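Undergrad: Sequence first, predicted coordinates after that:
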Amino acid sequence: MRWLVAGLDWHFRSGPEHNGVIMDTGERETMSAAAHPAEDAAGLASRPASRAEPRVWPRWLATPNRRIAALAAGGFGVDQLTKLVVLQFLPLGTERVIVPGFFKFVHWGNTGAAWSLFRGNNELLAVVALVALLVLFLTRHHFEAHTPAGQWAFGLIFGGIAGNLLDRLLPSRQHVIDFIRFYLEPRGGGEIGFPAFNVADSGICIGVALVFWITWRSERVPGKKSGAANC
């Protein structure tokens, strides 16, 4: 019996595993991969990936145009929500002081353009706004609309123009609602300050500033061109 036990022990220790040393599963797989590299590569290719690459954007925001539309919708929604609050709590022509001598909420109707220029031309300015929307949409590729800065710029501009345009077109308004007012009170009395504005005006101004910055930055980089990838 002793010679049988010795023979079995020699068989398990000196077999083809690794010169008499019993190998674990990892060692056997390593040697198998070295002996059959083509088969191992094919096996790895057929295995599913353990982890998919994280997506930067959800599918509904997969293109620059969709991101611009989402930003515009967000700006438009905030603008209209704030105007509804003003309509609810501040009658036309009234005001509510928040910081005496510096800031107050007002409810003013503006039938003109920025800073109350061209008053009484509500319908004409509505047409101008529609034309501006179309022109900006068709020329957005020249201002890096494929970049985050360009998307924010056009999203804010489109949302702001649409917000004020709705004010002009609604029969219940027929004027742009302005309600944010910064001002100072001089010693001699009276009031001086920045013209009243709204969220849409703020979006337009910030968006235009971004467009100017994008243009300035592009001109400083030799050979840089605006692209329209994935728009």
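TA: Looks like it arrived, so ask away.
Undergrad: didn't E95 look like it was pressed against F103?
TA: No - proximity of E95 to F103 does not meet the contact threshold set by Cβ atoms under 8 Å, at 10.8 Å. No exception for glycine: its C-beta is placed from N, CA and C like everyone else's.
Undergrad: what is in contact with the two at once?
TA: Here E95 and F103 have R181 as joint contacts, going by Cβ atoms under 8 Å, 6 or more residues apart in numbering.
Undergrad: Could I get the CA-only coordinates of stretch 178-192 as PDB?
TA: Taking Å, rounded to 0.1, in the frame of the first residue of the first chain, the C-alpha atoms of stretch 178-192 are listed here in PDB:
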ATOM      1  CA  ASP A 178     -40.900  95.200 -15.700                       C
ATOM      2  CA  PHE A 179     -40.600  94.900 -12.000                       C
ATOM      3  CA  ILE A 180     -37.000  95.000 -10.800                       C
ATOM      4  CA  ARG A 181     -35.800  98.500  -9.900                       C
ATOM      5  CA  PHE A 182     -32.500  99.700  -8.500                       C
ATOM      6  CA  TYR A 183     -32.300 103.400  -7.600                       C
ATOM      7  CA  LEU A 184     -30.800 106.100  -5.400                       C
ATOM      8  CA  GLU A 185     -32.300 109.100  -3.600                       C
ATOM      9  CA  PRO A 186     -30.200 112.300  -3.900                       C
ATOM     10  CA  ARG A 187     -30.100 114.700  -1.100                       C
ATOM     11  CA  GLY A 188     -32.100 117.300  -3.100                       C
ATOM     12  CA  GLY A 189     -35.000 114.800  -3.300                       C
ATOM     13  CA  GLY A 190     -36.400 112.800  -6.200                       C
ATOM     14  CA  GLU A 191     -35.100 109.500  -7.500                       C
ATOM     15  CA  ILE A 192     -32.400 108.400  -9.900                       C
END
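Undergrad: List the neighbours of it that are in contact with it.
TA: Outside stretch 178-192, the residues that reach it (Cβ under 8 Å, 6+ apart) are 82-83, 86, 90, 95, 101-110, 193-198, 201-202.
Undergrad: what about 7 Å?
TA: The contact list for stretch 178-192, computed with Cβ atoms under 7 Å, 6 or more residues apart in numbering, reads 86, 101-108, 110, 193-194, 196-198.
Undergrad: Quick one: mean pLDDT for it?
TA: The predicted model assigns stretch 178-192 a mean pLDDT of 89.
Undergrad: Pull the distance from it to the chain's centre.
TA: For stretch 178-192, the separation from the chain centroid amounts to 36 Å (computed by Cα atoms, centre = their mean, to the nearest Å).
Undergrad: For that stretch, list every residue counted as buried.
TA: 178-181, 183 (16 or more other Cβ atoms under 10 Å).
Undergrad: shouldn't A72 be in contact with I157?
TA: No - counting by Cβ atoms under 7 Å, A72 stays clear of I157, with 8.1 Å between them.
Undergrad: higher neighbour count, the two?
TA: Per other Cβ atoms under 10 Å, whichever of A72 and I157 has more neighbours is I157, with 28 against 24.
Undergrad: Can you tell me, leaving aside adjacent residues, what's nearest to that one?
TA: Once flanking residues are discounted, I157 sits nearest to G207: 3.6 Å by Cβ to Cβ, 6 or more residues apart in numbering.
Undergrad: So what does the one you found have for phi and psi?
TA: Per-residue torsions, G207: phi -60, psi -40 (degrees, to the nearest 10).
Undergrad: show me what contacts it?
TA: 153-154, 156-157, 160.
Undergrad: In CSV, list the buried residues of stretch 178-192 along with secondary structure.
TA: CSV is the format used below for these (DSSP: H, G, I helix; E, B strand; the rest coil):
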residue, secondary structure
D178, strand
F179, strand
I180, strand
R181, strand
Y183, strand
